[in-house]
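Engineer: Fold the following.
(one chain, ligands or ions: 2)
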Amino acid sequence: MSKSGRITPDLAVIEQVSQTTIRKSAALLRAGQLVAFPTETVYGLGADATNDTAVEAVYAAKRRPKSNPLIIHVADVEGAHRIAELDERAKKLAREFWPGPLTMILPRHPRSAVSTSACAGLSTIAVRIPANETALALIRETGRPIAGPSANASGKTSPTIAEHVVQSLGEVIPMVLDDGPCRIGIESTVINLSGAKAVLMRPGGITVSDLEALIGPIAMPSATTEADHASPGRAQSHYAPKLPVRLEAVDVNSDEALLAFGPDPLNGAGKMRNLSPAGNLDEAAANLYRMLIELDDSEFRQIAVMPLPETGVGQAINDRLRRAAAPRPNPRN
Ligand code: TXA
Ligand code: MG
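Structural biologist: Ligands and ions are numbered 1, 2, ... in the order given. Next comes the predicted model:
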């Protein structure tokens, strides 16, 4: 797969983070290859965002519709200014929340070097600075903005550990840069600032009230309106394990796997993982995808999920769980 021939095309190599492996990843990216990399939210599938062929390879590897644009990762605010136009609201949010789990959709800079297919041909661009030293070092070493959707097959559960990247995409990418489990565990908050009205596209690691405190009211699109087309990641079925998901479980059967929350997990499941025995929502977010994948075992009929409060990051967790439970578009999904 690689020009050097050191990487087998069979299964992605997991490399522990070091100066050497960061340099190796950057060289692969500059050569147009894909490298999965850690962020504070979930693992990303990295590609040189200025290279059309590399960007096309991202869509192909994920089997992602080309109408669903990618998030572009930069290392600093200057990098953001080179590819997007930041108004006063964007600058304020950048000062407060970058690096961090916030993606802003902004007008594309007219001289942006980012591939138009990374933005699905739109006049807007999704930008973020990840709060992860490895990711930042990788972007700097590559010297280019990095397109990075979550490193999973389209519609499936996002990976928060390197092994889960290999499970989902190991056959189609050469390498995963392993920095251990992601600290936050749930994707960035996506806010659209390309129009006069700020619109929440995806709840995430930063809550809406944190954002509103700085820039005033943010509109919430309803589940199936414009935002679904503008941000296909909002499509109803998403983040889905193979097994069906049953929400708000107040009892559980032995042929079910249980995703529990809090100090009183239900009894009787065939297998159980507890998102947070202490009832802590940050801990639950960090464990969510790993545990969903661990429970996704065909010996069970479905995954039952105990209720979680809708407060703070609970909003983002429940958003992902509802999409994981939504009817699947076709039998393969
Ligand atoms: O935390 C995260 O955001 C992770 C890490 C790797 O950074 N990335 C991630 O990327 O979740 P992805 O591709 O799985 O989700 C990106 C979301 C999608 O829902 C996409 O539709 C939306 O952002 N998006 C990207 N560019 C957009 C644009 N120009 N306009 C509207 N939505 C956009
Ligand atoms: Mg994703």
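Engineer: State the mean pLDDT of the helix or strand M272 falls within.
Structural biologist: Using DSSP states H and E, M272 sits within strand 271-274. Strand 271-274 comes out with an average pLDDT of 98.
Engineer: Give me the distance from that strand to the chain's centre.
Structural biologist: In this view, strand 271-274 has its centroid 23 Å away from the chain centroid, taken as C-alpha atoms, centre = their mean, to the nearest Å.
Engineer: and after it, which helix or strand comes next?
Structural biologist: Strand 271-274 is succeeded, C-terminally, by helix 281-295 (DSSP H and E).
Engineer: strands paired with the helix or strand just after that next one, and their directions?
Structural biologist: As assigned by DSSP H and E, the chain's next helix or strand after helix 281-295 is strand 302-305. Partners of strand 302-305 in the sheet, by DSSP bridges, are strand 245-246 (parallel), strand 256-260 (parallel).
Engineer: Identify the residues contacting strand 302-305?
Structural biologist: By C-beta atoms under 8 Å, 6 or more residues apart in numbering, the list of residues contacting strand 302-305 from outside reads 241, 243-249, 252-253, 256-259, 266, 269, 292, 295-296, 321, 325. From N, CA and C alone the C-beta is placed, and that goes for glycine too.
Engineer: Now a PyMOL select for only the buried ones of those.
Structural biologist: This is how PyMOL selects the buried members of the contacts of strand 302-305, with burial counted by 16 or more other C-beta atoms under 10 Å:
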select buried, resi 241+243+244+245+246+247+249+252+256+257+258+259+269+292+295+296+321+325
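Engineer: Contact residues of the stretch 1-150 of the chain facing ligand 1?
Structural biologist: Residues of the stretch 1-150 of the chain found near ligand 1 (C-beta under 6 Å from any ligand atom) are 39, 41-42, 44, 68-71, 101, 103, 105, 119, 122, 124-126, 130, 148-150.
Engineer: Keep only those of those residues that are in helices.
Structural biologist: Assigned to helices by DSSP state H, none of those qualify.
Engineer: Please narrow those to those residing in strands.
Structural biologist: 44, 71, 103, 105, 124-126 (DSSP state E).
Engineer: Out of those, which comes closest to M175?
Structural biologist: G44 (13.0 Å; C-beta to C-beta).
Engineer: What residues does the closest one make contact with?
Structural biologist: Counted by C-beta under 8 Å, 6+ apart, G44 has contacts 36-38, 71, 73, 130, 135, 146, 148-151.
Engineer: Grab the nearest non-local neighbour of it.
Structural biologist: In space, and not counting its chain neighbours, G44 is closest to G148: 3.1 Å by C-beta to C-beta, 6 or more residues apart in numbering.
Engineer: Contact partners for that neighbour?
Structural biologist: Listed by C-beta under 8 Å, 6+ apart, the contact partners of G148 are 37, 39, 44-47, 70-73.
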